[in-house]
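Novice: following is a predicted model, sequence given first.
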Amino acid sequence: MEQTLTIIKPDAVAAGNAARILALLEEKGFRIRAIRMMRLSEAQAREFYAVHRERPFYESLVRFMTSGPVIPAVLERENAVAALREAIGATDPAEAAEGTVRKRFAESKERNAIHASDSVENAWREARFFFSEADLLGTAP
Ligand code: CMP
């Protein structure tokens with residue numbers, strides 16, 4: 001078993017698709033081990049996406065990610081990191097495969113409904129970004 005971190009982004013929450021996306025992921029074998037709803041501060045969004053700070057879309061991404069509530073969650077499954085990235089599809093919904101979350105729910109490359117960690121190491125770091133040790137206590141696979 002492995003864990004990964006997802007974020008249902010402001011576009012998907014505002015469109016009323018959050019529960020549909022989580023249900024789809026549960027159907028694909030992911031189990032929710034921690035979950036919350038929150039509004040990211042500008043400082044939090046900047047820190048979470050710090051690796052992208054030199055990219056031309058960084059300021060717009062920070063505005064988007066702070067535009068409304070998000071739902072971060074720790075998901076568990078066998079091979080969770082790779083399986084979640086496959087389940088959500090390509091960053092650009094125009095390139096996302098049939099049946100993926102982004103194909104179905106994303107609006108654009110930026111407003112793409114969902115985030116998934118890209119490695120086990122980043123999943124752990126991102127889980128600690130959103131959840132306290134107490135929240136995660138006893139959830140490790
Ligand atoms: P995510 O998987 O959360 O990681 C970085 C985010 O930046 C990405 O999803 C998109 O929301 C956004 N992003 C990535 N590439 C672009 C792009 N070319 N233009 C606008 N936004 C982007």
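Specialist: That came through fine. Residues are numbered from 1 along each chain as shown.
Novice: going forward, measure contacts and count neighbours with C-alpha atoms only.
Specialist: Will do.
Novice: which element is the residue in the chain positioned nearest to the ligand on?
Specialist: Closest approach between the chain and the ligand, counting by CA to the nearest ligand atom: Glu110, at 3.5 Å. According to DSSP states H and E, Glu110 maps onto no helix or strand at all.
Novice: dihedrals phi and psi, Lys9?
Specialist: phi -80, psi 170 (degrees, to the nearest 10).
Novice: quick one: it and Glu110 touch, right?
Specialist: No: contact criterion CA atoms under 8 Å: Lys9 and Glu110 do not qualify, at 10.1 Å.
Novice: how about the residues of the chain by the ligand?
Specialist: Phe57, Leu61, Thr91, Lys109, Glu110, Arg111, Asn112, His115, Ala116 (CA under 6 Å from any ligand atom).
Novice: one more time with 8 Å
Specialist: Within the chain, the positions adjacent to the ligand are 7, 49, 52, 56-58, 60-61, 91-92, 108-117 by CA under 8 Å from any ligand atom.
Novice: now the residues you listed: which count as buried?
Specialist: In the residues of the chain next to the ligand, burial by neighbour count holds for 7, 58, 61, 91-92, 110-117, counting by 16 or more other CA atoms under 10 Å.
Novice: could you tell me how many residues sit around Ala106?
Specialist: 24 (other CA atoms under 10 Å).
Novice: next up, the contacts around it.
Specialist: The contact partners of Ala106, by CA atoms under 8 Å, 6 or more residues apart in numbering, come to Asp11, Ala12, Pro93, Asn112, Ala113, Ile114.
Novice: which ones among these lie within helices?
Specialist: The members of those that map onto helices under DSSP state H are Asp11, Ala12.
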